[in-house]
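J.: coordinates only, no sequence provided:
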């Protein structure tokens, strides 16, 4: 560093000295590029690009890390330089929802009204009641939206209709609700089309990519269960004529654990991925079908290592567990109805429990044969 | 969503003809195209088995 103008001990002088908008006690969020002064006060202008940090956090959410507290402050934001007749787009304060919305607003001058949904996405929040007419009206009043825009129109995501009664919003704050498209990716087409959404924009989809995104968090939820299942399998596998055999616990236990892993791959990964192509309408049936395939794979790969009774036990175990795990996925789809799920569970859970129990009895008794 | 269908005949969705004012909002907000226009002033349940009971129409 000899000859350098800045001395090492005092740090580099100007590079990090001054950030615009800094304020003691606050930290500027990296999606905010500027603040604009308006009749309703200072409004943060947000970037429409999603940064690497945003993407990292999104991946974290998909894995279930930080997902429960991924929220932003409710209130009013801006993209571009909106004016008094610019559209007002309403969304939830789950940061992932907000990121998806702003990333589809490149070149658009709009107001974004973020309502308090406790960091939950639009549809779930609407279903649970936090994305409601009361909440929308409350935020409209809180930010002084009537001072910001001259029109009296809010564009809400269509899926918010589950929780928001449009006429209540109008009654409470004087703003009319216009139902926008399901997906933020259609917002520009919706705005350009005179606030009209095509039929396709009004329907939810559940394609392979959309299903795959949901799998990681389901897998991480199984972590704790596995910590209980593994010792239980070792214990059951070790029961032998001589009371307990550590050798059997390890050798048979590992095969049982392999079956457990296969059931998870079948029920939690393959069942969602192959959903439209698996037989049956009930997810528990789809889970049995893919579990059967997994059992066949186990039988082929372990030829000679398992007796017939043992193989039968593991196949039953795989199918029962895969069925249960696939059924769990009914809670993550956009087309399963609560009444349908209840009906399915009433029938499937006793069958799955019986299958698991018979599998355990067969497995233990096989240790005595 | 035509390739992804759940159980048949379970939905609690009901259409009350006499209370319908024909505003058409249910057609607009339904994410599964369960409703269709039936003449000028009414709608009909075109695909009740497509209903996931999200409650948007209610």
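T.: Yep, it's here. Note that the structure is a prediction, hence the values are computed from the model and not measured.
J.: and the strands in chain B, which stretches?
T.: B:35-38, B:42-45 (DSSP state E).
J.: just chain A next, same as before
T.: A:32-38, A:41-46, A:75-79, A:88-92, A:110-115, A:153-156, A:176-179, A:239-240, A:243-244.
J.: tell me the most buried of those strands?
T.: Most buried of the strands of chain A, by mean neighbour count (mean count of other Cβ atoms under 10 Å in any protein chain shown): strand A:88-92, with a mean of 27. (Glycine included, C-beta is placed from N, CA and C.)
J.: which strands and helices sit next to that strand?
T.: Helices and strands touching strand A:88-92, as assessed by 3 or more Cβ pairs under 8 Å, 6 or more residues apart in numbering or on different chains; DSSP states H and E, comprise helix A:95-103, strand A:110-115, helix A:122-128, strand A:153-156.
J.: could you give the angle of it to strand A:110-115?
T.: 30 degrees (axes from the mean of the first three to the mean of the last three Cα atoms, to 10 degrees).
J.: can you give the contact residues for strand A:88-92?
T.: Residues from elsewhere that reach strand A:88-92, judged by Cβ atoms under 8 Å, 6 or more residues apart in numbering or on different chains: A:97-98, A:101, A:105, A:110-115, A:117, A:120-122, A:125, A:131, A:136, A:145, A:149, A:153-157, A:160, A:175, A:180, A:187.
J.: restrict the residues you listed to those near chain B?
T.: When Cβ under 8 Å from any Cβ of the partner chain is applied, no member of those is adjacent to chain B.
J.: count of neighbours near the residue nearest to residue A:106 when sequence neighbours are not counted?
T.: Closest residue to residue A:106 apart from its sequence neighbours, by Cβ to Cβ, 6 or more residues apart in numbering or on different chains: residue A:48 at 4.4 Å. Counted with other Cβ atoms under 10 Å in any protein chain shown, residues neighbouring residue A:48 total 16.
J.: which parts of the stretch 101-250 of chain A sit against chain B?
T.: The stretch 101-250 of chain A comes close to chain B at residues A:123, A:127, A:158-159, A:161-163, A:166, A:179, A:182, A:199, A:202-206, as judged by Cβ under 8 Å from any Cβ.
J.: hmm, which of those residues are the buried ones?
T.: Buried members of these, scored by 16 or more other Cβ atoms under 10 Å in any protein chain shown, are A:123, A:127, A:158-159, A:161-163, A:166, A:179, A:182, A:202-204, A:206.
J.: test for you: state the pLDDT assigned to residue A:180.
T.: Looking at residue A:180, its pLDDT reads 97.
J.: ok, it - contacts?
T.: So residue A:180 contacts A:89, A:155, A:156, A:157, A:158, A:187, A:190, A:195, A:197 (Cβ under 8 Å, 6+ apart).
J.: and what of residue A:295?
T.: Neighbouring residues of residue A:295 by Cβ under 8 Å, 6+ apart: A:262, A:314, A:315, A:318, A:319.
J.: please redo it, this time with the cut-off set to 7 Å
T.: The contact partners of residue A:295, taken as Cβ atoms under 7 Å, 6 or more residues apart in numbering or on different chains, are A:315, A:318, A:319.
J.: low-confidence ranges in chain A?
T.: Along chain A, the model assigns pLDDT under 70 to residues A:1-19.
J.: so what's residue A:35 closest to, chain neighbours aside?
T.: residue A:42 (4.8 Å).
J.: I should have written residue A:182 there, sorry.
T.: residue A:158 (4.9 Å).
J.: what do you get for residue A:69?
T.: Leaving out its chain neighbours, the residue that sits closest to residue A:69 by Cβ to Cβ, 6+ apart is residue A:119, at 6.2 Å.
J.: that neighbour and residue A:67 touch, don't they?
T.: No - here residue A:119 does not reach residue A:67: they are 8.3 Å apart, not a contact under Cβ atoms under 7 Å.
J.: more crowded one of these two?
T.: residue A:119 (20 against 17).
J.: list the contacts for the more buried one?
T.: Counting by Cβ under 7 Å, 6+ apart, residue A:119 has contacts A:68, A:69, A:70, A:71, A:93, A:94.
J.: near chain A, which residues of chain B show up?
T.: Neighbours of chain A within chain B, by Cβ under 7 Å from any Cβ of the partner chain: B:1, B:3-7, B:10-12, B:28-29, B:31-33, B:51-56.
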